[in-house]
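[1] just the structure for this:
(chains A and B)
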Amino acid sequence: MSGPSTYVPKSALGRWFESRLPIMGLIHSSFVAYPTPRNLNYWWTFGGILSVMLMVQIITGIVLVMHYTPHVDYAFNSIELIMRDVNWGWMLRYTHANGASMFFVAVYIHMLRGLYYGSYKAPREVLWILGVIIYLLMMATGFMGYVLPWGQMSFWGATVITNLFSAIPLVGESITTWLWGGYSVDNPTLNRFFSLHYLLPFMIAGVVVLHVWALHVVGQNNPDGVEVKNVARDTLPFTPYATIKDGFAMICFMMFFAWWIFYVPNYLGHADNYIEANPLSTPAHIVPEWYYLPFYAILRAVPSKLGGVVAMFSAIIVLCFLPWLDTSKVRSAKYRPVYKVFFWLFVASAIGLGYLGAMPAEGGYVLASRLLAVYYFAFFLVVMPLLGLFETPRALPASIADSVLKNAHSAKA
Amino acid sequence: MLFIATGAVGAVAVGSVAWPLISQMNPDASTIAAGAPIDVDLSAIAEGAIVTVKWRGKPIFVRHRTPKEIKEAVEVPLSSLPDPQSDAQRVKKPEWLVVIGVCTHLGCIPLGHQGEYEGWFCPCHGSAYDTSGRIRKGPAPKNLEVPSYAFTSDTKLTIG
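    Numbers count the residues shown, from 1 in each chain, chains lettered A, B, ... in the order given. Sure, this is the predicted structure:
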């Protein structure tokens, strides 16, 4: 998506069309001739996997809408109708519901990849921030989608999340009423969530285009974190090398995805959501979907309503500032022995918060949430700025080619 | 001059188009109409019982308090409350407590006669309320809200 295309149409018709709309040249320079660093590992295949997941969600979503009714009296039954009566409805719905989870599995791996290899550092700041925006849109989309079946978790999840806005001083109550379109979560809320749930994936697709565009301007980062110096020596063309590798990873990921759909389709959901929404009875234990649990734990770790909400949103917003919080001149954790330790502690704290988010908010769980939440923020706000000043990185390879060829050499020896 | 005029008219146009788009999300006329006052028959509520009625999509708790519960609510020193309010400020007749049954933390429905203070306990994040519906413990910042209501006769309560 950058620079003049080297594409030369082979047919007369191709030349005629290309001189009027150079789209084949754009595709060629973006996905065929595009130079990819030759040292990329499999962690770099998740961008492609995420594109496929977005397509899966949009396609299954569009067909589910053909059978779903966004009304408080019919929504729950229309889901059961999809499950029991619609041809292949059970598979389409399970694909869509588990697809959301798989989408988040892939995005978390993709984000941690960026965090480990320093992909957010200059000149990739805008690329990274666009990614954070996609992640926020994904969270909003996932949340509203979970409300649509109108089960108990749908209703009470929507109630808790929309009430987060009531923590805003002065205008909070008016904002929640405005979000609900009533005095509580009710039919107008369901209708607007449905409308926005249909809209947001297309906004995600739009930001993905910007994300890929920004990627193709600055080029991919790579496991060694050194820039491409010589295109001929350091890179390989996207097709066939990256195409085949991405394709293989996608197939493996789809097999993992299929296992959830066909063997444990309800494992990631909650039994309470098979009970129709009842505004007069809150389930004993409200838990959000697994991909929100770490943030839910941070929300509950703070003993103040506004403080908890601020902490929860800050936990995501802080990601936007990573390019400037990390002071290290070295990108990849491969050459940062101390950062590597803190990174894995961060992964452990995020998983720990996820576990605690699913536990009741009492006693030792709250204390543990507080400790891990402190580490979560300290990693970004203390460790990252200071480590760049105190850490002695290992020597970087002179180029991507040197790194790859040295490995090949030592493997032979 | 033409630039300023164009800009000014453009700004008014953007504002007047944006306002309906934002305002349409507020409660519509039918929702507001459905939020009209409702009547509750008090004669059917035994002493000690809590009756839940639905008003504006939310549960309203009507609690017929026992003398012991009233005593507990009245005798708490105000300085020990996170959101200080005397019991007298929260009720019109001591035996009847009327509150909106929505936890002021994140909107769950608290469970009656439960928790440390035997008022209400919210199962979501552990807020405990006393027999006056005041927050005593947990993350909720405020007391359970008291809706506007009136005793229209000895056995009838109108909420709203």
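
[2] make it CA atoms for all contacts and neighbour counts henceforth
    OK.

[3] what ranges do the strands span in chain B?
    Assigned by DSSP state E, chain B shows strands spanning B:38-41, B:50-55, B:58-64, B:96-100, B:111-112, B:120-121, B:128-129, B:135-137, B:149-153, B:156-159.

[4] just the pLDDT for the residue in the stretch 1-150 of chain A positioned nearest to chain B.
    Closest residue of the stretch 1-150 of chain A to chain B, CA to the nearest CA: A:V72 (12.3 Å). pLDDT recorded at A:V72 is 96.

[5] and for A:H285?
    At A:H285, pLDDT is 81.

[6] I figured it was touching A:P360, is that so?
    Yes: counting by CA atoms under 8 Å, A:H285 touches A:P360, with 7.3 Å between them.

[7] between these two, which has more neighbouring residues?
    Each of A:H285 and A:P360 has its neighbours counted (other CA atoms under 10 Å in any protein chain shown); A:P360 has more, 20 against 14.

[8] just the element for the more buried one, please.
    In this structure, A:P360 is located outside every helix and strand according to DSSP states H and E.

[9] and stretch A:9-27, how far apart are its ends?
    12 Å (CA to CA, to the nearest Å).

[10] average pLDDT for that stretch, rounded please.
    Per-residue scores along stretch A:9-27 average to 93.

[11] got the buried residues for stretch B:47-64?
    Within stretch B:47-64, the residues that qualify as buried by neighbour count (16 or more other CA atoms under 10 Å in any protein chain shown) are B:49-53, B:55-64.

[12] again with stretch A:357-373
    Neighbour counts over stretch A:357-373 (16+ other CA under 10 Å) mark A:G357, A:A358, A:M359, A:P360, A:A361, A:Y365, A:V366, A:A368, A:S369, A:R370, A:L372, A:A373 as buried.

[13] what is the burial count for A:I400?
    Applying other CA under 10 Å, we find 26 residues neighbouring A:I400.

[14] remind me, longest helix of the chain?
    Using chain A here. Criterion DSSP state H: the longest helix present in chain A is helix A:187-218.

[15] I was thinking of chain B, sorry if that wasn't clear
    Longest helix in chain B, counting residues (DSSP H): helix B:2-23.

[16] now A:L236: how far from B:E95?
    Taking CA to CA as the measure, A:L236 falls 81 Å from B:E95.

[17] ok, now how distant is A:S166 from A:W156?
    Plainly put, A:S166 is 15 Å away from A:W156 if you go by CA to CA.

[18] okay, these two: which has more neighbours?
    Higher neighbour count among A:S166 and A:W156: A:W156, with 29 against 23, using other CA under 10 Å.

[19] thought the more buried one was touching A:V287?
    No: using CA under 8 Å, A:W156 makes no contact with A:V287, being 9.3 Å away.

[20] show me the contact partners of the worst-scoring helix or strand of chain B on mean pLDDT.
    Across the helices and strands of chain B, mean pLDDT, DSSP states H and E gives its lowest value to helix B:29-34, namely a mean of 89. When contacts are defined by CA atoms under 8 Å, 6 or more residues apart in numbering or on different chains, helix B:29-34 is touched by residues A:G182, B:R56.

[21] do that again at 10 Å, thanks
    A:G181, A:G182, A:Y183, A:D186, A:N187, A:P188, B:N26, B:P27, B:G35, B:W55, B:R56, B:G57 (CA atoms under 10 Å, 6 or more residues apart in numbering or on different chains).

[22] got a markdown table for the residues you listed, with distance to A:S101 too?
    Formatted as a markdown table, the contacts of helix B:29-34 follow (distance: CA to CA, whole Å):
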| residue | distance to A:S101 |
| --- | --- |
| A:G181 | 29 |
| A:G182 | 31 |
| A:Y183 | 31 |
| A:D186 | 26 |
| A:N187 | 26 |
| A:P188 | 27 |
| B:N26 | 32 |
| B:P27 | 33 |
| B:G35 | 39 |
| B:W55 | 37 |
| B:R56 | 35 |
| B:G57 | 32 |
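
[23] circling back to that earlier point, tell me which residues in the longest helix of chain A are buried?
    Buried residues in helix A:187-218, counted by 16+ other CA under 10 Å: A:187-194, A:197-198, A:200-201, A:204-205, A:207-208, A:210-216, A:218.

[24] and those near chain B, which?
    A:N187, A:P188, A:T189, A:R192 (CA under 10 Å from any CA of the partner chain).

[25] ok, and the closest non-adjacent residue to the third one?
    What it means is A:T189. A:W180 (4.8 Å; CA to CA, 6 or more residues apart in numbering or on different chains).

[26] list the contacts for the one you found?
    Neighbour list for A:W180: A:158-159, A:162-163, A:174, A:186-193, B:25-27 [criterion: CA under 10 Å, 6+ apart].

[27] and if you look at A:G151?
    A:75-76, A:79, A:157, A:270-278.

[28] got a list of what residue 109 touches?
    You didn't pick a chain, so chain A it is. Under the criterion of CA under 10 Å, 6+ apart, the neighbours of A:I109 are A:W43, A:W44, A:F46, A:G47, A:L115.

[29] ah, no, chain B please
    For B:I109, the contacting residues are A:156, A:279-284, B:58-59, B:100-103, B:120-124, by CA under 10 Å, 6+ apart.
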